[in-house]
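Trainee: this is a predicted model, with the sequence first.
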Amino acid sequence: MNILFEYLYRDAGNNKKWGEVVFTNKMNMDRNMLEKQLKQGLIDEEFFISKKSRLPKLEFLLIDSELDHDLYEFHSLEETNSPQNDEENRDIVEFINDISIR
């Protein structure tokens, strides 16, 4: 079963843009185990650097460089039958390693 990764960008005005990507799960790892591993590599178990993730960009037209940032926020992992759609063709474990700060 594949894994749906849901994330968001929250700007300085608390406006949100949502995104989701489906990754393969070749080792059939348990969703709870994947989430635990993911959170251990995130900033405050919640944030990751957008550029490092190589996910589709979530941006607003107007950006205030003094207030806005380059962090995305992890929202959830879900098992899904939807096909993999990551542009990098990554497995969820590879993606977790890519965004980990450790």
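Mentor: Right, received. Where do you want to start? Treat the numbers as computed from the prediction; the structure is a model and nothing was measured.

Trainee: for residue 51, which non-adjacent residue is spatially closest?
Mentor: Closest residue to residue 51 apart from its sequence neighbours, by Cβ to Cβ, 6 or more residues apart in numbering: residue 70 at 6.3 Å. Heads up, the C-betas are built off the backbone N, CA and C, glycines and all.

Trainee: list the contacts of that neighbour.
Mentor: By Cβ atoms under 8 Å, 6 or more residues apart in numbering, the contact set of residue 70 is 49, 50, 51.

Trainee: and the first one, how many neighbours?
Mentor: It stands for residue 49. Residue 49: 14 surrounding residues under other Cβ atoms under 10 Å.

Trainee: wait, it touches residue 74, no?
Mentor: No - contact criterion Cβ atoms under 8 Å: residue 49 and residue 74 do not qualify, at 11.9 Å.

Trainee: which residues in the chain form helices?
Mentor: All helices of the chain, identified by DSSP state H, fall at 31-40, 50-53, 92-99.

Trainee: which residues touch residue 76?
Mentor: By Cβ under 8 Å, 6+ apart, the neighbours of residue 76 are 4, 5, 6.

Trainee: any idea what the nearest residue to residue 26 once chain neighbours are set aside is bridged to?
Mentor: Leaving aside its chain neighbours, residue 26 sits nearest to residue 91 (5.1 Å; criterion: Cβ to Cβ, 6+ apart). With DSSP bridges as the criterion, residue 91 is bridged to residue 24.
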